[in-house]
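Chemist: Just a sequence and a predicted model for now, questions to come.
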Amino acid sequence: MAQDWQKHDMEFLGGRRLRRTRRTAWSRAMVRETMLTPSDLIWPLFVIEGHNEKTQIRTMPGVERLSVDLCVEAAKAARDAGIPALALFPNTPDHLRSESGAEAYNPDNLMCRALSAIKDAVPEVGLIADVALDEYSSDGQDGLVRDGEILNDETVAVMIRSALVQSKAGADIIAPSDMMDGRVGAIREALDGEGFEQKQIMAYAAKYASYYYGPFREAVGSGSRLKGDKRTYQMDYANSDEAMREIEQDIAEGADSVMVKPGLPYLDIVRRAKDSFNIPIYAYQVSGEFAMIEMAAAAGAIDRKGAILESLWAFKRAGASGVLTYFALEVARELGR
Ligand code: PBG
């Protein structure tokens, strides 16, 4: 019986009761330490050829690849919801993929057409262009391959050309996601040399060789081509000091902001980077993380909306300046309500 419960002597608390500020909604709001707003969200889009074309991605329920005209509509929706920037990823048609990845620097490639169409129609939204060869090469690796080896300096030379056509097409931020050594400095120098000194570089600085990229590789069509893994350039998930060296190096080479990727399993890296460097740090809530939330929610295991907001808030708490997330549009609209 409840009445029989003895009230324990709580004198040792000395009046300090941490639950006091949690008792009411107004008080919880008052002591809340971090905020999530639409301007924290960057929305990745997958681009395909065609007109008024959308295709489903089996492992990313609710995300569709969009033709350029529909990307323009998506960009308008993003702008209206207060999203500051989009990150574009092309699904290059098979016949244009090659060992040399030459389509990456074709000024009329799918990526460039998407960049210029969106920039024309919705100039107030920032455009982030991914630079890596896996979206253009026939073997699904981020770099050029010779005798099974991923070539560093030769890959950087191709990336420079890719970054230049993307910049001309309307990219505002060049985002090398390949983890080759020296690419940030080389791209910075090339951009400055071509009159693009105002283009930013967001370096995928601490990018891990992760199992969480699976659905993305389906989305851009690189997964089925990929033989082996990316462990000779993406980082070992056991390491944290090495991530700090990667970030330090990219900052020294001229990065304007850096990224940690994947997101939620690597929040320790986000926090450590935030405490170590004075530069905006972005985190990428990658496709596998997206799929885990969607699929767990679909199975009735977790509350979908609650879990999404909690996951995004965790990035802010860890010190991220913003998050690349496939939930961006939905969440920005929700936050704006
Ligand atoms: C490739 C690239 C990848 C992602 C972004 N750029 C995949 C990879 O490195 O294999 C993953 C994003 C995601 O999983 O959502 N350059």
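Modeler: Yep, that arrived. What you see is a predicted model, and the numbers here were worked out from it, not measured in a lab.
Chemist: Please name the nearest non-neighbouring residue to Ala117.
Modeler: Using CB to CB, 6 or more residues apart in numbering and skipping the chain neighbours, the partner closest in space to Ala117 is Val68 (5.0 Å). For glycine as for every other residue, the C-beta is placed from the backbone atoms N, C-alpha and C.
Chemist: Model confidence score at the one you found, please.
Modeler: pLDDT for Val68: 98.
Chemist: Can you tell me what sits against the helix or strand harbouring Leu329?
Modeler: Per DSSP states H and E: Leu329 is located in helix 328-336. Outside helix 328-336, the residues that touch it by CB atoms under 8 Å, 6 or more residues apart in numbering are 36-38, 41-44, 74, 77-78, 81-83, 305, 308-309, 312, 325.
Chemist: Quick check on these: which are buried?
Modeler: Burial by neighbour count, 16 or more other CB atoms under 10 Å: within those this picks out 36, 38, 41-44, 74, 78, 81, 83, 308-309, 312, 325.
Chemist: from the residues you listed, which single one is nearest the ligand?
Modeler: The nearest member of the buried ones among the contacts of helix 328-336 to the ligand, counting by CB to the nearest ligand atom, is Pro44 at 6.6 Å.
Chemist: Assign the closest one to helix, strand or coil.
Modeler: Going by DSSP: H, G, I helix; E, B strand; the rest coil, the secondary structure assigned to Pro44 is strand.
Chemist: and it, bridged to which residues?
Modeler: Judged by DSSP bridges, the bridge partners of Pro44 are Ala87.
Chemist: show me the residues around it that make contact.
Modeler: So Pro44 contacts 86-89, 324-326, 328 (CB under 8 Å, 6+ apart).
Chemist: Let me have these in CSV, extended by distance to the ligand and pLDDT.
Modeler: Listed next are these as CSV, based on distance: CB to the nearest ligand atom, whole Å; pLDDT from 0 to 100:
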residue, distance to the ligand, pLDDT
Leu86, 14, 98
Ala87, 8, 98
Leu88, 11, 98
Phe89, 7, 98
Leu324, 8, 98
Thr325, 9, 98
Tyr326, 7, 98
Ala328, 12, 98
